[in-house]
Every structure is written in C-alpha cells, then in structure tokens.
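>>> Sequence and predicted structure, then a few things I'm wondering about:
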Amino acid sequence: MDRRREDDPKLPASLETGLGELFRPRAGERTELDQRVARAAREHFDARRRVLPGPGNPPFARTWALRAAAVLVLALGGWVLVRSISNGLRTQDVARADRDGNGRVDVLDAFQLAREVERGVAEARWDVDGNGRVDREDAHAIAVLAVRIGS
Amino acid sequence: MKRALAIVALLALTVLVLAGSRTVAPAPAQDEPRFAAYDVCIDSGSAPLAAWQVEIVASSGRAKLVGVEGGDAGAFAAPPYYDPKALMSERIVLAAFDTGSALPSGRTRVARLHVEVQGAAEPRFEARVVAAASRDGRTIDVSVEVRP
C-alpha cells in the first residue's frame, strides 16, 4: 500500500485546484436541473394517477363501475333477446295471443282465431306470427304457445 | 341294509333340491326400464268437444314421457299439440282443437301417452283440465282421466 501510494503521480497543487474549480457543480445549474427532473416526475405520476386505480381517485372508480354496469346491462339484454327469440314468438306476441284477455294463452285463444279464419272474419291485428296475413298458421302459433312448458 | 336306504334317501333329497332350484325363475331386475301406454280420456257429457287442453303430471313412480299419440279416429285422431321439451320429463301440457262438424261427445280418448317406467312401482298420473270448449267456442265442463 505504502509503495503504491509512493508510486502515484503527484499533481502540482495549482493544477489540482484549477481542475477542482473547473468541474465543481454550480449551485444554480444544479437547482434548475433538480427542478426539471422533479417537474417531469410529477407530470409522469399525475398522468398515471389518472389511469390507474388507487385510493382517493373516485372518478376512476366511477368510470369503471359505469363500464361494468353497461357491460352487464348489454349482456342481460342480449340474453333476454336470444332467449325470447329461441322460444319462437316474442313476449309481446305472447301478450297479443291472449285473445280472450283471461291472463293466459290457452287452446281457446287458438280455437277462437281458427273459427274466425274459417269464417273469413279474422282481423289483421291477429297476425301473431307476423307473416303479413292472418290464417290458420296464426291459430297454430297460439296453440304452440299454449302448451309450452315453462323453463 | 339301513346304510343303503340312507344313501338312497340322501340321493333322492339331493335330486329334489336341485330340481327345485332350477324351477325358480330369476327375479326381474328392479331398475330395468319398461315401456307402457296410457290413454288420456275426456268426458264432455252431451256437449260436443271441439277444443281441449289438459296438464298431466306423473305423481308417483318413476315415469318419463317418451311419446304422444293421437286419440280415437275422428276429430282428435292426430297427435295433440305439446312441447317437445316435455318429453323425458314428468309433466306435459296437451291441447287440440277442431273446427269441423264431426265432433265427439261423451267419453273420448283424445291422446295416448307412451311412458318409460323405471322400477316395479306402477306410475300414477294427475291430470287437470285447463280449458275445454264446444263447437260454438263456449266453455264447457269436462273431466279428464289418464289410465293404462
């Protein structure tokens, strides 16, 4: 150790002082640099706070709650639609099929319409299957509804 | 001599036991499915039956509906309306109507149910009239019965 220290080149004192003065950080520049770094960091984390979840960030929670609710409503609506279509006639058709208004669709509704079709007095509003005409197929559709097993 | 008689008696007893065991029929398996048909009959009295709807539920025994056939020849000879989803279940709704003039009255077989029965117990069905009408669309009182 001592040998190496003895081997180190010795700088002249004036040169050492001059180099130290040359590369010494200046207080003003340092402050400005620190402020710029701090500002950039603040902007960066402010932006992240707007996107990421976290406590004390209610707008974020509200946004995602609304999105989740919208997805749920769409899924539920789609399920109801697919289900009603897969069952043949839609809900409003079922209500329309209750011709005697006793609160249920039964064979008497179908029979009544079949008799009117046969006599040629069936009104256009009894086009239950929506094919543009009132015929025996509409009575058939009502009978199918009447025997449907609830799922 | 006594020894010979004892041997003969023992042989005779063995033969009797073996013969007896062969005549015993094997017991039917309890869970082997079998098929049966049940008639759905409606009695409309003196009124001509033009439209009917009944609900039938298997109330006891293990029975599953496997098919629906029409009734007696005439107005209700064709199979009635029913939901195919009711097959392989224990509940079904049947309905039919006819706008013709040759309508039955009195007791009429309006449909026949084909049923798969599990186990030895005979299934029982409960039937309920949902609606029935005469030729002019007037509601009439009828009774329904499901029987083998």
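Great, that's in hand.
>>> Quickly note the distance from residue B:137 to residue B:148.
For residue B:137, the distance to residue B:148 equals 34 Å [CB to CB, to the nearest Å]. C-beta coordinates here come from the backbone N, C-alpha and C atoms, glycine included.
>>> Any residues of chain A in contact with chain B? List them.
Residues of chain A lying close to chain B (CB under 8 Å from any CB of the partner chain) are A:106-108, A:110-112, A:114-115, A:118, A:139, A:143-144, A:146-149, A:151.
>>> returning to that earlier point: between residue B:137 and residue B:148, which one's more packed in?
Legend: neighbour count by other CB atoms under 10 Å in any protein chain shown for residue B:137 and residue B:148, higher for residue B:137 (17 against 10).
>>> State the three-state secondary structure for the more buried one.
Per DSSP: H, G, I helix; E, B strand; the rest coil, the local secondary structure of residue B:137 is coil.
>>> Enumerate every residue touching it.
Taking CB atoms under 8 Å, 6 or more residues apart in numbering or on different chains, we find residue B:137 in contact with A:108, A:111-112, A:115, B:50-51.
>>> Closest to residue B:103 out of those?
Residue B:103 has its nearest neighbour among the contacts of residue B:137 in residue B:50, at 5.4 Å by CB to CB.
>>> pLDDT weak spots in chain B?
B:1-31, B:61 (pLDDT under 70).
>>> and with 50 instead?
Of all residues in chain B, those with pLDDT under 50 make up the ranges B:24-25.
>>> any chance you could map the helices in it?
Remark: helices assigned in chain B by DSSP state H are B:2-23.
>>> Return the distance of the residue minimising distance to the centre of it relative to residue A:96.
For chain B, residue B:38 is the residue whose C-alpha lies nearest the centre (CA atoms, centre = their mean; 2.8 Å). The spacing between residue B:38 and residue A:96, counted by CB to CB, is 35 Å.
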